[in-house]
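J.: Provided below are the primary sequence and the corresponding predicted coordinates.
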Amino acid sequence: MATVSTEGLIAALNYYNANRVAPWQMCLYHTSHVLIAADVLATYDALETTYPGYARQALLAAAGAVNDGFGNAFAAFGVYTFTTTGVSAETVYGMYIRDVALGVLIGAVQFTSPVDMTGSGNQCIVTLSDTMLPA
């Protein structure tokens, strides 16, 4: 099991939380990839993982701010758990978010360490949060 927290998509998540005009999905990719500004949805869809039991997950709106004890608040966008249902040869290197209606890439993050998804029951847990500094 691996847990990855990222704040790299803060602006996009804030926009989604404020507007939610189209469904967004979180997806995983299984090839190490250097993220570049020219990346598009097709870049990541071509790298999308296919281990047994994999399914894209609908992105949820933020659940509200939680204080971290250091004077910062976090808008919790949720914890997304991806679990294998069989043996595979895949390792997950990162996640990306896609706009379902528009068919565009919202953003992507490569994990600091790859996540082993080769065994049945292995999990990749992604926690999305938005840091809000105190006023």
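T.: Received the coordinates, thanks.

J.: buried residues in the longest strand seen in the chain, which are they?
T.: Across the chain, the longest stretch assigned as strand under DSSP state E is strand 104-116. Using 16 or more other CB atoms under 10 Å as the test for burial, strand 104-116 gives 105-111, 114-116. In this view, the C-beta of every residue, glycine as well, is placed from N, C-alpha and C.

J.: name the helices or strands packed onto it?
T.: Here strand 104-116 is seen to pack against strand 2-6, helix 10-19, helix 41-45, strand 91-99 when contacts are counted using 3 or more CB pairs under 8 Å, 6 or more residues apart in numbering; DSSP states H and E.

J.: let's see 7 Å
T.: strand 2-6, helix 41-45, strand 91-99 (3 or more CB pairs under 7 Å, 6 or more residues apart in numbering; DSSP states H and E).

J.: tell me, please, the helix or strand in this structure that averages the lowest pLDDT.
T.: Taking mean pLDDT, DSSP states H and E as the measure, the chain has strand 2-6 as its least confident helix or strand, at a mean of 39.

J.: any regions of this protein where pLDDT drops low?
T.: 1-22, 61-76, 129-135 (pLDDT under 70).

J.: how does it look with 90?
T.: 1-24, 34-39, 59-80, 97, 99-102, 104-112, 126-135 (pLDDT under 90).
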